[in-house]
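In: Dropping a prediction and its sequence here:
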Amino acid sequence: MVQLKDDSSEASEHSTVIKAPEEQKPLWPYLLLTVAIALLAIGAHFIQKTSPDGKLPCPFHAAFGSLSNLKNPHNPTSDDPVPSNEQTSQTEQKEQTSQTEQREQTSQTEQREQADQYDSTLYSEELVYGSKKKLANVYRGRVLTKPELAEHGPSSERPWVAVLGQIYDVAAGKRHYGDGGSYHFFAGKDGSRAYSTGQFDDEGLIDDITGTTVQQIGEIYHWINIFSKKYPFVGRLEGPFFTAGGLPTAHWREVEDSLSQLNAIEKEKGEVRRKFPSCNSHYDQGAGKAEVWCTEKSGGITRDWVGNPRQLHLPGETVRCACIQESLLDDPKLKEYPDCEPTSTSCKIKLN
């Protein structure tokens with residue numbers, strides 16, 4: 001009988017032992033930890049920067065502050081004491097107050113300069129009449145002589161007219177200012193005086209306005225307003241109102257003073273009209289009678305009272321009907337209408 005040897009021991013001696021591979025640790029915890037640290041650092045930096053008291057240390061400035069010569073604005077040293085909230089608030093208030101005062105001072109200075117500033121506009125409806133501004137002592141426009149202006153008379157292809165030394169091209173209105181036109185006598189000259197007097201001959205069509213009243217100067221200047229809206233401005237005329245350089249003369253300044261007086265008069269009249277608004281009226285000349293009455297809008301003045309009709313006597317003006325408030329009925333400039341109840345809002349009048 002054949003005996004079989006047990007080769008298990010030998011096999012075990014020559015066999016190679018294979019070890020199981022070790023299990024690798026995952027990397028995501030490390031990545032997560034790194035991200036968390038970064039977020040904490042960023043959050044701490046943001047809180048430190050926005051914190052009013054600055055007590056929380058700033059990691060970035062703490063870590064890199066020694067590498068820079070710059071002071072850490074978020075982590076002051078003993079040389080840079082941290083202001084309290086109250087001190088910071090007071091400082092901010094002082095700065096805001098100072099800035100507000102500076103703005104107000106600047107605004108007031110600008111307003112004073114604008115109020116005193118002369119208007120450099122060559123022509124304007126609000127140049128002087130209705131405005132406080134005056135012509136500037138600076139002019140870069142065209143200046144013409146009287147012979148040059150005369151070349152643009154009524155027979156010219158392009159007629160020009162001048163008022164108070166300001167010249168306008170009225171070619172667009174040639175049918176009025178050209179030959180045969182109703183205003184042909186104004187072309188080629190400065191006939192300022194005639195715009196008020198209505199004297200359209202050689203003696204009246206002159207630029208000498210000596211002796212004219214404030215109202216007459218206002219009437220003359222009214223034509224500048226008209227021309228400036230309708231016709232091109234040419235330049236200034238050397239003469240009584242402007243120098244050879246186009247600068248205003250003493251005569252022009254007198255015109256401005258007259259217009260300023262006229263503005264004051266018109267303002268006063270406006271106040272009187274608001275205080276004593278005119279009545280509504282209806283006249284029947286054939287029957288020899290009229291009726292006057294008051295409403296809350298009579299005289300073009302809207303108000304919250306009606307008033308009673310009275311005769312208003314103002315110096316230098318024609319007597320007119322005015323609507324009067326109860327509190328002003330005792331004014332000595334007022335008279336009652338005959339045969340009319342004092343408290344009535346309408347009156348019937350017999351015409352003479």
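Out: Happy to help now that I have it. Residues are numbered from 1 along each chain as shown.
In: can you map out the helices along the stretch 151-300 of the chain?
Out: In the stretch 151-300 of the chain, the segments counted as helices under DSSP state H, counting those that start in this stretch are 174-177, 194-197, 214-230, 250-275.
In: Out of these, which is the most enclosed?
Out: helix 194-197 (a mean of 20; mean count of other C-beta atoms under 10 Å). C-beta: built from backbone N, CA, C; applies to glycine.
In: For that helix, give the mean pLDDT please.
Out: The pLDDT scores in helix 194-197 average 95.
In: do the same with stretch 174-184
Out: 95.
In: residues in contact with that stretch?
Out: 154-155, 159, 161, 170, 186-187 (C-beta atoms under 8 Å, 6 or more residues apart in numbering).
In: Just give me the closest of these to residue 219.
Out: Closest to residue 219 out of the contacts of stretch 174-184 is residue 186 (14.6 Å), distances taken as C-beta to C-beta.
In: Can you report how many residues neighbour the closest one?
Out: Neighbour count for residue 186, taken as other C-beta atoms under 10 Å: 26.
In: Surely it touches residue 205?
Out: Yes. Using C-beta atoms under 8 Å, residue 186 makes contact with residue 205 at a distance of 7.3 Å.
In: anything in contact with each of these two?
Out: residue 194.
In: just to revisit the earlier point, turn the helices of the stretch 151-300 of the chain into TSV, columns for distance to residue 342.
Out: Converted to TSV, those look like this (distance: least, C-beta to C-beta, whole Å):
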stretch	distance to residue 342
helix 174-177	53
helix 194-197	43
helix 214-230	36
helix 250-275	19
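In: Looking at those, which is nearest to residue 135?
Out: helix 250-275 (6.8 Å).
In: just checking, what packs against that closest one?
Out: Here helix 250-275 touches helix 214-230, going by 3 or more C-beta pairs under 8 Å, 6 or more residues apart in numbering; DSSP states H and E.
In: at 10 Å what do you get?
Out: helix 214-230, strand 320-324 (3 or more C-beta pairs under 10 Å, 6 or more residues apart in numbering; DSSP states H and E).
In: How many neighbouring residues does residue 149 have?
Out: 22.
In: swap that for residue 249, please
Out: 15.
In: Could you do residue 155 as well?
Out: Count around residue 155 with other C-beta under 10 Å applied: 12.
In: Now it: phi and psi?
Out: The phi and psi values for residue 155, taken as degrees, to the nearest 10, are phi -90, psi -10.
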